[in-house]
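K.L.:
Could you look at this predicted model? Sequence included:
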Amino acid sequence: MGYRGWFLPQIALFCAFFGGFALFSCIKSSVYIDDGVSGTTFDRPGFNRLVQDAKDGRINLVLCKDLSRLGRDYIECGKYTDYVFPSLGCRFIALNDGVDTLHKNNEMIVILKNVMNDLYARDTSNKIKAVKKSTFLSGKYVGNYAPIGYLKSPEDKHVFVIDPVAAPLVKRIFDLRCQGYSYRKIAVTFNEEHIPTPRDYYYSRIGRPNPAGEGGYWQGQTIKSILRNEAYIGHMVQNKTGNISYKVHKQKPKPQEEWIKVENTHEPLVTQEVWEQVRRMDEQNMMNRTKKDGYTSLFAGILYCMDCGNLMRYYHDGRKRKDGSPSTYRSYACGRYSAGGKVLCTAHIINEKVITKLVLLDIHAKALWAQTNREALKEQIRQQKNVAAAEQLRSLRGTLAAAEKRLSELERLVQSVYEDKVRGEIPESVCVQLLHKYEDERLEKLEQKVQLAAKVEALEQEESGADEWLDMIQDYSKLETLDRPTLLRLINKIEVGERHMVDGHDEREIKIYYNFVGFIEM
């Protein structure tokens, strides 16, 4: 179409559709596309290539439908139209807005339109956030991938269903942690067994190669994130992260008070009792710490001073038997006394062999009691429960009934507002305002109802927790050796009192608190 010696300017045309953003730039046969990139950012691959081509002198005219197609950041738009394009020798035209940098026309309109486009992006961002929050409050999952152990339901992608292949792996992670394994030890175990990581498993399940390549390995942080994910007890926790702003799309963590949790949204993989035991282990930092002599402290994180409440500290020292052979004396003492002396507390020293024998005897006694007189032991557990639990249950039930009543009232109010609007008794603006108000309160009450119902259910299930413990403890009637996994599975903590003289001999009080049922007095 040209003749030799003629100079034909190259023209860049781009039409950006934000939301499903696409940028097309035609340079002879070249096409630039930014699909799915927000117009609030100018760090777009296609747009960057377009600017680079302009710098290389391949473009001298940029033509678009209107200013919003260039972008929705009024500062950046002004920078490109006023400085960047002119300095590169590029003419910029926005057809519908009547903007042409060659003639410098409608400069005030350009500024106002850029500001309006920016405000539109902000308003759209706020609306999207409102929709996502409403989805979070309803307990629907919004993420791209379900956590390992679950799949997105084929009927509803916002709901989890159990993955029969990966679920046993998640249960094993919780079981190993309950046995006292550290995060790192669990990860090392899985790596030695060549178990695929969650990412590798996901891509193998969908039949696609892992973009990160092969050779992924388990890490302690991966195990930690799984053990702290409340999805595994049936709760949906979302809104943990968010963009810095509608212009800066970098994700940042949100404070925990802004998280949105909806309980009992799907079938759990682990019981509440197992979850609470793992939490207690995290709080107490109960890991199998191997000492310099290669020995792992059996009662680390479990023994407490009965008087001051501090953890007992492990000690060992080398001794010799009468025949001259070496021996090691292992014991525990109050951590507060060890740190600051008798001004803070007394020693509470107890030999490891002694406390081990006492614990074994108590386990045997409880197991025999469960086998021979189960109902009597169950009644003993029930009586020793805090009386406040019954009062708490009554209070929760009352609050739940009030929330359910208010939800019914809100349904009637919404219907009444619609009817008043239809009859012309209230203007449309008032109708919309009232509907927004009632909807906000409805969502709040609905969230409260779900949380209250979960708490009521948890309190009502305490008796079933006692049944599970009775089923478990009776299997240990012939336990001969107390090891760390068994100790952690059965016992929450042990309180050790100081020795004192009674009728010419030493006595001391020791209380053993079992998981799920607490202290049981014989």
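P.N.:
All right, it came through fine.
K.L.:
Flag every buried residue along the lengthiest helix in the chain.
P.N.:
What stands out as the longest helix in the chain, according to DSSP state H, is helix 387-422. Buried positions in helix 387-422, judged by neighbour count with 16 or more other C-beta atoms under 10 Å: Leu393, Leu396, Arg397, Leu400, Ala403, Arg406, Leu410, Leu413, Val417, Lys421. The C-beta positions use only the backbone N, C-alpha and C, and glycine is treated the same way.
K.L.:
got the contact list for the helix or strand hosting Arg382?
P.N.:
Using DSSP states H and E, Arg382 sits in helix 374-384. With contacts defined as C-beta atoms under 8 Å, 6 or more residues apart in numbering, helix 374-384 is touched by 366, 369-370, 463, 466-467, 469-470, 474, 517-521.
K.L.:
Stretch 490-500 now?
P.N.:
Stretch 490-500 is contacted from outside by 277, 280, 299, 302-307, 312, 332, 346-348, 350, 355, 359, 363, 472-473, 476, 506-515, 518, using C-beta under 8 Å, 6+ apart.
K.L.:
I'd like the average pLDDT over that stretch.
P.N.:
Stretch 490-500 carries an average pLDDT of 88.
K.L.:
What's the end-to-end length of that stretch?
P.N.:
29 Å (C-alpha to C-alpha, to the nearest Å).
K.L.:
That one: how far from the chain's middle?
P.N.:
Using C-alpha atoms, centre = their mean, to the nearest Å, the mean C-alpha position of stretch 490-500 is found 34 Å from that of the whole chain.
K.L.:
try stretch 474-493
P.N.:
31 Å.
K.L.:
Same question for it: list its buried residues.
P.N.:
Within stretch 474-493, the residues that count as buried by 16+ other C-beta under 10 Å are 474, 476-477, 482, 484, 486-493.
K.L.:
what's across from Glu495 in the sheet?
P.N.:
Counting by DSSP bridges, Glu495 is bridged to Tyr304, Lys511.
K.L.:
Could you report the neighbour count for it?
P.N.:
Glu495 has 18 neighbours, counted by other C-beta atoms under 10 Å.
K.L.:
contacting residues around the residue nearest the centre of the chain?
P.N.:
By C-alpha atoms, centre = their mean, the chain has its centre lying nearest to Asn229, at 4.8 Å. Listed by C-beta under 8 Å, 6+ apart, the contact set of Asn229 reads Pro147, Val237.
K.L.:
try it again with 10 Å
P.N.:
Counting by C-beta atoms under 10 Å, 6 or more residues apart in numbering, Asn229 makes contact with Pro147, Ile148, Gly149, Val170, His235, Val237, Leu269.
K.L.:
got a markdown table for these, with distance to Cys178, neighbour count and secondary structure too?
P.N.:
Formatted as a markdown table, the contacts of Asn229 follow (distance: C-beta to C-beta, whole Å; neighbours: other C-beta atoms under 10 Å; DSSP: H, G, I helix; E, B strand; the rest coil):
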| residue | distance to Cys178 | neighbour count | secondary structure |
| --- | --- | --- | --- |
| Pro147 | 19 | 18 | coil |
| Ile148 | 19 | 24 | coil |
| Gly149 | 17 | 24 | coil |
| Val170 | 13 | 23 | helix |
| His235 | 19 | 20 | coil |
| Val237 | 22 | 17 | strand |
| Leu269 | 14 | 26 | coil |
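K.L.:
Distance to Tyr141 and pLDDT for the residues you listed - can I get that in TSV?
P.N.:
Output for these, formatted as TSV (distance: C-beta to C-beta, whole Å; pLDDT from 0 to 100):
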residue	distance to Tyr141	pLDDT
Pro147	10	89
Ile148	14	91
Gly149	14	91
Val170	17	92
His235	12	89
Val237	10	85
Leu269	15	91
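K.L.:
and the gap between the spatially closest residue to Ile510 that is not a sequence neighbour and Ala339?
P.N.:
Using C-beta to C-beta, 6 or more residues apart in numbering and skipping residues adjacent in sequence, the residue nearest Ile510 is Val496, 5.7 Å away. In this view, Val496 and Ala339 are 17 Å apart by C-beta to C-beta, to the nearest Å.
K.L.:
who has more neighbours, these two?
P.N.:
Each of Val496 and Ala339 has its neighbours counted (other C-beta under 10 Å); Val496 has more, 24 against 11.
K.L.:
which ones are touching Arg508?
P.N.:
Met306, His348, Ile350, Val354, Val496, Gly497, Glu498, Arg499, His500, Val502.
K.L.:
For those, pick the one with the most neighbours.
P.N.:
Highest count within the contacts of Arg508 by other C-beta under 10 Å belongs to His348, 26 neighbours.
K.L.:
May I ask which helix or strand of this structure has the lowest mean pLDDT?
P.N.:
None of the helices or strands of the chain scores lower by mean pLDDT, DSSP states H and E than strand 11-13, at a mean of 49.
K.L.:
where along the stretch 51-200 of the chain do the helices fall?
P.N.:
67-70, 74-79, 85-87, 107-137, 167-178, 183-192, 198-206 (DSSP state H, counting those that start in this stretch).
K.L.:
Confidence-wise, which of these is weakest overall?
P.N.:
helix 107-137 (a mean of 68).
K.L.:
in the strand or helix carrying Thr222, what's buried?
P.N.:
Using DSSP H and E, Thr222 maps to helix 220-227. For helix 220-227, burial by neighbour count (16+ other C-beta under 10 Å) applies to Thr222, Ile223, Lys224, Ile226, Leu227.
K.L.:
That helix - what's its average pLDDT?
P.N.:
For helix 220-227, the per-residue pLDDT averages 90.
K.L.:
Using CSV, write down the CA coordinates of it.
P.N.:
Extracted in CSV, the C-alpha atoms of helix 220-227 (Å, rounded to 0.1, in the frame of the first residue of the first chain):
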residue,chain,number,x,y,z
GLY,A,220,8.1,-28.8,58.5
GLN,A,221,6.2,-25.7,57.6
THR,A,222,3.9,-27.7,55.3
ILE,A,223,3.1,-30.1,58.2
LYS,A,224,2.5,-27.1,60.5
SER,A,225,0.0,-25.5,58.1
ILE,A,226,-2.0,-28.7,57.8
LEU,A,227,-2.1,-29.2,61.5
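K.L.:
and it, what other elements does it pack with?
P.N.:
Secondary-structure packing of helix 220-227 (3 or more C-beta pairs under 10 Å, 6 or more residues apart in numbering; DSSP states H and E): helix 167-178, helix 183-192, helix 198-206, helix 272-284.
K.L.:
now the angle from the second one to helix 272-284?
P.N.:
Using axes from the mean of the first three to the mean of the last three C-alpha atoms, to 10 degrees, the interaxial angle of helix 183-192 with respect to helix 272-284 works out to 120 degrees.
K.L.:
elements contacting helix 183-192?
P.N.:
helix 167-178, helix 220-227.
K.L.:
For whatever helix or strand comes next after the longest helix of the chain, name the packing helices and strands.
P.N.:
If you walk from helix 387-422 toward the C-terminus, the next helix or strand you reach (DSSP H and E) is helix 428-460. In terms of contacts (3+ C-beta pairs under 10 Å, 6+ apart), helix 428-460 is packed against helix 107-137, strand 260-262, helix 272-284, helix 387-422.
K.L.:
distance between helix 428-460 and the chain's centre?
P.N.:
A distance of 23 Å separates the centroid of the chain from that of helix 428-460, by C-alpha atoms, centre = their mean.
K.L.:
swap in stretch 176-196?
P.N.:
Relative to its chain's centre, stretch 176-196 lies at 21 Å (C-alpha atoms, centre = their mean).
K.L.:
List the buried residues of stretch 48-61.
P.N.:
Quick answer for stretch 48-61 (16+ other C-beta under 10 Å): Arg49, Leu50, Val51, Asp53, Ala54, Ile59, Asn60, Leu61.
K.L.:
Same question for stretch 230-246.
P.N.:
With burial defined by 16+ other C-beta under 10 Å, the residues of stretch 230-246 counted as buried are Ala231, Tyr232, Ile233, Gly234, His235, Met236, Val237, Gln238, Asn239, Tyr246.
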